[in-house]
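*Asks:* Provided below are the primary sequence and the corresponding predicted coordinates.
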Amino acid sequence: MSEEAVKAVETAEDTASHDEVSYQAVEKDGVVTAIWEMQGRKHLRTIDPRSSEGKQILALFETAG
């Protein structure tokens, strides 16, 4: 079994719509190792949390939480 835990970072307001884009943080030992951009259940791309885009996404989550 993998040690990675997937935690929702940002959820779509309308969960019934599969067109909404959401982000999930992949954590290992309490550290975010990747951010997944999702459309419904479809994985669109992986974002490096150390990149400028990754830092912006994580900052939005931290201020919203």
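*Replies:* Okay, I see it. Values in this document were obtained by computation on a predicted structure and should not be read as measured data.

*Asks:* Excluding its own residues, what touches stretch 32-40? List them.
*Replies:* By CB atoms under 8 Å, 6 or more residues apart in numbering, the surrounding residues in contact with stretch 32-40 are 4, 6, 9, 18-27, 43-49, 54, 57-58. No exception for glycine: its C-beta is placed from N, CA and C like everyone else's.

*Asks:* how about the strands of the chain, start to end?
*Replies:* 5-10, 21-28, 31-39, 42-47 (DSSP state E).

*Asks:* Using CSV, write out the CA atom coordinates for the third one.
*Replies:* As requested, C-alpha coordinates have been extracted for strand 31-39 and formatted as CSV (Å, rounded to 0.1, in the frame of the first residue of the first chain):
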residue,chain,number,x,y,z
VAL,A,31,4.8,17.2,2.5
VAL,A,32,3.0,18.1,-0.7
THR,A,33,4.9,16.3,-3.5
ALA,A,34,2.6,17.1,-6.4
ILE,A,35,-0.6,19.0,-7.3
TRP,A,36,-3.1,17.2,-9.7
GLU,A,37,-5.3,19.3,-11.9
MET,A,38,-8.5,17.3,-12.4
GLN,A,39,-11.7,17.7,-14.5
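
*Asks:* quick one, that strand and strand 21-28 angle?
*Replies:* With axes from the mean of the first three to the mean of the last three CA atoms, to 10 degrees as the basis, strand 31-39 and strand 21-28 are set at 160 degrees to each other.

*Asks:* try the last one
*Replies:* Going by the same axes, to 10 degrees, strand 42-47 is angled at 60 degrees with respect to strand 21-28.

*Asks:* Ok, which of the strands of the chain comes nearest E62?
*Replies:* With CB to CB as the criterion, E62 lies closest to strand 5-10 of the strands of the chain, at 9.6 Å.
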